[in-house]
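Peer 1: no sequence on this one, just coordinates:
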């Protein structure tokens with residue numbers, strides 16, 4: 001018994017020691033994984049502070065913000081204080097960064113989900129987007145050095161928009177002074193057309209004038225710019241954000257393409273973002289990737305500083321480059337002489353009259369009435385997606401000092417015909433036959449609508465040209481099931497929309513959609529577009545319905561030439577009788 005007790009004592013001590021080591025290892029494991037999950041391992045340390053928000057929109061300080069310190073940003077040291085010093089700290093930080101990036105990406109997908117909803121109805125060709133090219137650049141390994149004299153010049157730049165001189169900004173400064181110089185010069189030339197209008201609206205809203213460089217970075221002052229993610233217009237609004245700020249979008253008009261209306265919407269949006277984040281760098285970042293993405297990045301890191309967020313990689317790459325591009329353009333634009341950019345001759349500011357329309361007016365007739373060209377009317381009204389104004393109220397822009405002439409000319413055309421008719425001024429040696437050939441109408445029709453009788457028009461006379469309404473081009477599928485063909489039908493006297501629909505075996509609603517008709521009224525000579533399934537046949541002729549004839553032809557083809565339809569049993573019996581004979 002005396003020999004057994006020492007062995008039991010040794011086993012007991014060994015088991016206790018094993019249990020103690022296991023508990024210690026388990027506690028260390030829990031501490032390490034609680035840190036990975038985002039909880040503070042040391043409960044006496046302060047938690048990250050929430051992102052500061054500005055209650056009022058106030059003018060930011062004009063001084064350049066070189067770096068952030070604990071004196072001007074009390075949130076900076078918080079993250080370092082809350083990081084426990086474990087041997088695997090780098091591993092933990094790497095895991096946290098991956099989780100944060102994953103959550104940010106999910107947020108961006110949710111916020112920008114409407115970009116891939118309905119297909120765009122923009123009929124005009126989209127223009128290349130300057131920002132898309134800039135954000136593809138990788139300038140990390142390039143020189144960010146600037147000569148001392150130019151560095152002092154940049155540091156002395158006065159701006160209502162807070163500036164910064166750091167490697168990210170200076171790399172883009174050097175880029176625009178090097179291989180990106182032509183890109184910068186081209187956008188500065190285009191800026192002359194819209195900059196006075198943008199500056200006026202920014203001043204009305206009390207915003208920094210330097211925000212004009214945000215447009216330069218976004219679109220290069222192209223009103224029809226469109227990104228691969230369907231952000232559209234000079235200020236690159238996505239569909240849902242444009243509607244949020246009052247930019248109407250339908251099949252006839254997309255106000256995101258209207259430079260003036262889009263600028264007013266962007267000014268309100270930027271003011272809201274500044275109120276939310278309290279700093280223009282964060283507001284501009286939120287304009288690019290959405291306020292939700294920036295807010296989430298601030299809350300997860302505890303930093304309300306753009307440069308800290310960019311350095312930690314918690315913002316999308318394009319947003320990380322977005323703010324430095326704008327600041328680099330601002331620094332160069334405000335020091336144009338020093339960087340030999342003062343020889344640029346900007347385009348003339350766009351100028352126009354605005355008239356109100358309440359019905360559909362074709363762009364060719366608008367050009368005739370204003371004494372201009374159709375392309376000029378399109379340039380002044382990039383928001384129009386069709387070849388006419390919408391049926392309801394619309395603010396139409398026409399060349400400067402032509403409003404009185406336009407009103408007089410339009411009044412001479414009956415409202416019901418304004419979508420297709422034209423106006424023409426007689427010239428020397430012109431004849432009705434020659435004018436009719438030009439517009440592809442009949443001379444007698446021109447004489448009838450202008451009440452000419454047997455008299456010939458004289459040079460200088462203004463004539464109405466009764467051009468029939470022709471459908472706009474319709475895109476069809478290239479091939480495959482569901483392919484559709486297009487038929488053309490010219491409206492004859494006495495025809496109704498319902499009758500035409502029955503004739504072609506389509507619905508009245510389909511005809512209205514295909515031909516942009518508001519009601520059931522048809523104009524004699526109106527050319528209708530009819531789309532039907534590929535292979536459908538239509539035989540016009542008097543004395544019967546084409547639909548019935550088509551059906552009868554199909555039955556005849558299936559059962560034999562003109563014979564009544566037979567059942568399978570009857571066909572088998574007939575074949576057996578024929579074989580017996």
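Peer 2: Cool, got the structure. Since we're looking at a predicted model, the values are computed, not measured.

Peer 1: For the rest of this, base every contact and every neighbour count on C-alpha atoms.
Peer 2: Fine.

Peer 1: how about the strands in this structure?
Peer 2: Taking DSSP state E, the strands of the chain run over residues 352-357, 394-399, 422-425, 462-465, 484-490, 527-533.

Peer 1: Make a markdown table out of the ones you listed and add mean pLDDT and mean neighbour count.
Peer 2: Listed next are these as a markdown table, based on pLDDT from 0 to 100; neighbours: other C-alpha atoms under 10 Å:
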| stretch | mean pLDDT | mean neighbour count |
| --- | --- | --- |
| strand 352-357 | 95 | 14 |
| strand 394-399 | 95 | 18 |
| strand 422-425 | 95 | 19 |
| strand 462-465 | 95 | 20 |
| strand 484-490 | 68 | 15 |
| strand 527-533 | 72 | 19 |
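
Peer 1: Could you provide these in JSON lines, with additional columns for distance to residue 246?
Peer 2: JSON lines is the format used below for these (distance: least, C-alpha to C-alpha, whole Å):
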{"stretch": "strand 352-357", "distance to residue 246": "19"}
{"stretch": "strand 394-399", "distance to residue 246": "15"}
{"stretch": "strand 422-425", "distance to residue 246": "34"}
{"stretch": "strand 462-465", "distance to residue 246": "38"}
{"stretch": "strand 484-490", "distance to residue 246": "37"}
{"stretch": "strand 527-533", "distance to residue 246": "34"}
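
Peer 1: do you know which of those lies nearest residue 265?
Peer 2: Taking C-alpha to C-alpha, strand 394-399 is the member of the strands of the chain nearest to residue 265, at 16.9 Å.

Peer 1: Wait, residue 207 touches residue 269, no?
Peer 2: No: Residue 207 sits out of contact with residue 269 when judged by C-alpha atoms under 8 Å, with a separation of 11.2 Å.

Peer 1: Who has more neighbours out of the two?
Peer 2: residue 207 (22 against 17; other C-alpha atoms under 10 Å).

Peer 1: Tell me how far that one lies from residue 179.
Peer 2: 32 Å (C-alpha to C-alpha, to the nearest Å).

Peer 1: Neighbours of residue 266, how many?
Peer 2: 23.

Peer 1: what's near enough to touch the closest residue to residue 354 other than its chain neighbours?
Peer 2: In space, and not counting its chain neighbours, residue 354 is closest to residue 397: 4.5 Å by C-alpha to C-alpha, 6 or more residues apart in numbering. By C-alpha atoms under 8 Å, 6 or more residues apart in numbering, the contact set of residue 397 is 352, 353, 354, 355, 377, 380, 381.

Peer 1: where does the protein have low pLDDT?
Peer 2: 1-144, 471-486, 516, 518-519, 532-581 (pLDDT under 70).

Peer 1: Swap in 50 and give it another go.
Peer 2: Applying pLDDT under 50 to the chain flags residues 1-4, 21, 24-26, 28-90, 101, 104-129, 474-485, 534-569, 571, 581.

Peer 1: Closest one to residue 392 out of the contacts of residue 397, please.
Peer 2: residue 355 (13.4 Å).

Peer 1: Report the beta-bridge partner residues of the closest one.
Peer 2: Residue 355 has these beta-bridge partners by DSSP bridges: residue 396.

Peer 1: I figured it was touching residue 396, is that so?
Peer 2: Yes: the criterion here is C-alpha under 8 Å, and residue 355 meets it with residue 396 at 5.3 Å.

Peer 1: Buried residues, stretch 419-436. List them.
Peer 2: Across stretch 419-436, burial judged by 16 or more other C-alpha atoms under 10 Å covers 419, 420, 421, 422, 423, 424, 426, 432, 435, 436.

Peer 1: which outside residues touch it?
Peer 2: Against stretch 419-436 from outside (C-alpha under 8 Å, 6+ apart): 360-362, 364-365, 368-369, 388, 409, 413, 442-443, 446-447, 457-470.

Peer 1: if you set the cut-off to 6 Å instead, what comes out?
Peer 2: 360-362, 365, 368, 442-443, 459-467, 469 (C-alpha atoms under 6 Å, 6 or more residues apart in numbering).

Peer 1: In ChimeraX, how would I select just the buried ones from those residues?
Peer 2: Those of the contacts of stretch 419-436 that count as buried under 16+ other C-alpha under 10 Å are selected in ChimeraX with:
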select :360,361,362,365,368,442,443,462,463,464,465,466,467,469
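
Peer 1: In helices, which of the contacts of stretch 419-436 fall?
Peer 2: The helices, defined by DSSP state H, take in 365, 368, 443 from those.

Peer 1: Tabulate those (CSV), appending distance to residue 265.
Peer 2: Output for those, formatted as CSV (distance: C-alpha to C-alpha, whole Å):
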residue, distance to residue 265
365, 31
368, 32
443, 50
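
Peer 1: State the distance from residue 495 to residue 218.
Peer 2: Distance from residue 495 to residue 218, by C-alpha to C-alpha: 52 Å.

Peer 1: And residue 344, by the same measure?
Peer 2: Counting by C-alpha to C-alpha, the gap from residue 344 to residue 218 is 21 Å.
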